[in-house]
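# 3D, please:
(one chain, ligands or ions: 1)
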Amino acid sequence: MSILTATAVIDMQALANNYQVIKECAPNSKVLAVLKANAYGHGLERIAKALPQADAFGVARIGEAILLREAGITQPIVLLEGFFSIDELTLIVKHNLDTVIHNTFQLDAITQQLLTESIKVWLKIDTGMHRLGIDPDDFHYFFNTLKASDNVQPSIVLMSHLGCADDTSNGITDTQTALFNQLNNEEVVERSLANSAGIFAWPNTHYNWVRPGLMLYGVSPMLPEAKTGKFQENIAPVMTLKSSLIAIRKIKAGETVGYGGTWQSNLPTTIGVIAIGYGDGYPRHAENGTPVLVNGKIVPLVGRVSMDMITVDLGNDSTDKVGDEVTLWGSQLPVENVAKHATTIPYELLCNISRRVHITLK
Ligand SMILES: Cc1ncc(COP(=O)(O)O)c(C=O)c1O
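Below you'll find the predicted structure:
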């Protein structure tokens, strides 16, 4: 008998479907597929190779970009936070990468170093999220300085990032978009603003380039009450996280389960032990009642999550057996639901999948 331990099933058909949904949602925009954090836990090279139709890729660290080049990826790759040292500029040239410029250090470095080739730049403006980006008042100075440099390719993309697009009742997105539109220079040809939430819910943020991350992996970033069109229903989860029951035990009313004995059963019941824990990336903070799918039925997580195991209440009349497969999230159990029970967001759950989790392709 061989029992399945933590396994992420990656559905390449779902990935292709989601890319198609993005194209339908933003038909006039090019697509920069965001692959940072190991493609949100789905496998950097695997996902890049499965998207030959993507117009560009986005990563957060230069190491990720170099891995993609070494894997033979030829599309443009954008460093979404730019570079962090002068040395990285040489690597940017060597590997033919695009870089975001969002601060004075980067502006000075790219315009003052001696470079053998010019670099494609995405100039990032802070339109209200107040994370990365230059002050809109500095736009002309940055743009003109970059334009005048032989180290910078002539077609600079203007970009910004949305902070609240998951909430369709929040006016900040319109304020950010209006500010973005005010940044005018006749030499700006291309613009980029929308992340997944912008793509789903704010068509006026699509511009020339959309930058989907989460929706590419079949997960919605939108708040439950947000108003979006039909597109949100058409995406499908790329990752399904599975494992199986490795022990089953009967407990009496009043007995507790797991470290600290934090959960106590009111009734006699059956506890199922599943081979997955925070060592695999299952969230340690998942609360009692977090849904787990066992033999087609949602059962509640009970007791603390351990490093390698979790425990669920299968009910007193359970017929589940050791070796039965369970689903932690994915198709049939949205990772969004699990995230809510762990007071986190699906982004964190996906990109925390650890190295020991087996990967199988579907
Ligand atoms: C600059 C930038 N663009 C796009 C994205 C993709 O966002 P999402 O995964 O919400 O689509 C991110 C991710 O945080 C980002 O930092």
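
# Beyond the host helix or strand of Leu293, next helix or strand please.
Secondary structure assignment for Leu293, by DSSP states H and E: strand 291-294. Next along the chain after strand 291-294, taking DSSP H and E as the criterion, comes strand 297-300.

# Show the pLDDT at Phe232.
No, residue 232 isn't Phe; it's Gln. Per-residue pLDDT puts Gln232 at 84.

# And it, how close does it get to Ala339?
Distance, Gln232 to Ala339, using CB to CB, to the nearest Å: 16 Å. Heads up, the C-betas are built off the backbone N, CA and C, glycines and all.

# Between those two, which has more neighbouring residues?
Ala339 (21 against 18; other CB atoms under 10 Å).

# a helix runs through the more buried one, doesn't it?
Yes: judged by DSSP: H, G, I helix; E, B strand; the rest coil, Ala339 forms part of a helix.

# quick one: contacts for it?
Pro283, Ile345, Pro346, Glu348, Leu349 (CB atoms under 8 Å, 6 or more residues apart in numbering).

# what's the answer for Asn17, then?
By CB under 8 Å, 6+ apart, Asn17 lies in contact with Gly218, Asn234, Ile235, Ala236.

# neighbours of Gly303, just the number please.
Every residue meeting other CB under 10 Å relative to Gly303 is counted, giving 23.

# ok, now how distant is the closest residue to it other than its chain neighbours from Leu301?
Spatial nearest neighbour of Gly303, chain neighbours left out: Gly258 (2.8 Å); criterion: CB to CB, 6 or more residues apart in numbering. Distance of Gly258 to Leu301, given as CB to CB: 10 Å.

# Touching both of the two, which residues are there?
Common neighbours of Gly258 and Leu301 (CB under 8 Å, 6+ apart) are Thr311.

# Look at the two and report which has more neighbours.
More crowded of Gly258 and Leu301, by other CB under 10 Å: Leu301, with 25 against 19.

# Can you tell me the closest non-neighbouring residue to that one?
Thr290 (4.0 Å).

# Could you list which residues are in contact with the one you found?
Listed by CB under 8 Å, 6+ apart, the contact set of Thr290 reads Pro300, Leu301, Val338, His341, Ala342.

# Neighbours of the first one, how many?
Right, the one you point to is Pro300. Pro300: 16 surrounding residues under other CB under 10 Å.

# Can you report how many residues neighbour Lys252?
Lys252 has 9 nearby residues by other CB under 10 Å.

# Surely it and Asn266 touch.
No: taking contacts as CB atoms under 8 Å, Lys252 lies outside contact range of Asn266: 10.8 Å.

# How about the stretch 251-362 of the chain: which residue is closest to the ligand?
Tyr347 (6.5 Å; CB to the nearest ligand atom).

# For that residue, which phi and psi angles does the backbone take?
When read as degrees, to the nearest 10, the backbone of Tyr347 gives phi -50, psi -50.

# doesn't Leu179 fall inside a strand?
No: if the criterion is three-state DSSP, then Leu179 is helix and not within a strand.

# List the contacts of it.
Leu179 touches Thr127, Gly128, Pro136, counting by CB under 8 Å, 6+ apart.

# quick one: which of these has the most company?
That'd be Thr127 among the contacts of Leu179, by other CB under 10 Å, with 25 neighbours.

# so how far is Leu223 from that one?
Distance from Thr127 to Leu223, by CB to CB: 21 Å.

# same thing with Val93?
Going from Val93 to Leu223 by CB to CB gives 42 Å.

# Over to Ile62?
Distance from Ile62 to Leu223, by CB to CB: 33 Å.

# go on, Asp280?
Per CB to CB, Asp280 is found 28 Å from Leu223.

# neighbour count winner among those two?
Higher neighbour count among Asp280 and Leu223: Asp280, with 25 against 14, using other CB under 10 Å.

# so what's the residue nearest to the more buried one when sequence neighbours are not counted up against?
Nearest in space to Asp280, with sequence neighbours left out and distances taken as CB to CB, 6+ apart, is Ala6 at 4.0 Å. Counting by CB under 8 Å, 6+ apart, Ala6 makes contact with Leu241, Lys242, Ser243, Ala275, Ile276, Asp280, Tyr282, Arg356, Val357, His358.

# confidence score at whichever residue of the stretch 151-300 of the chain sits closest to the ligand?
Relative to the ligand, the nearest point of the stretch 151-300 of the chain is Gly213 (2.3 Å; CB to the nearest ligand atom). Here, the pLDDT recorded for Gly213 equals 98.

# Tell me which stretches of the protein form helices.
12-25, 36-41, 44-49, 62-70, 86-94, 104-112, 139-147, 172-182, 196-201, 231-234, 335-341, 346-351 (DSSP state H).

# Scan the chain for its longest strand.
The longest strand of the chain (DSSP state E) is strand 239-251.

# How about the residues of the stretch 1-150 of the chain by the ligand?
When proximity is defined as CB under 6 Å from any ligand atom, the stretch 1-150 of the chain approaches the ligand at Val34, Leu80.

# same thing but 8 Å
Leu32, Val34, Lys36, Tyr40, Gly58, Ala60, Leu80, Glu81, Val100, Lys124, Leu132 (CB under 8 Å from any ligand atom).
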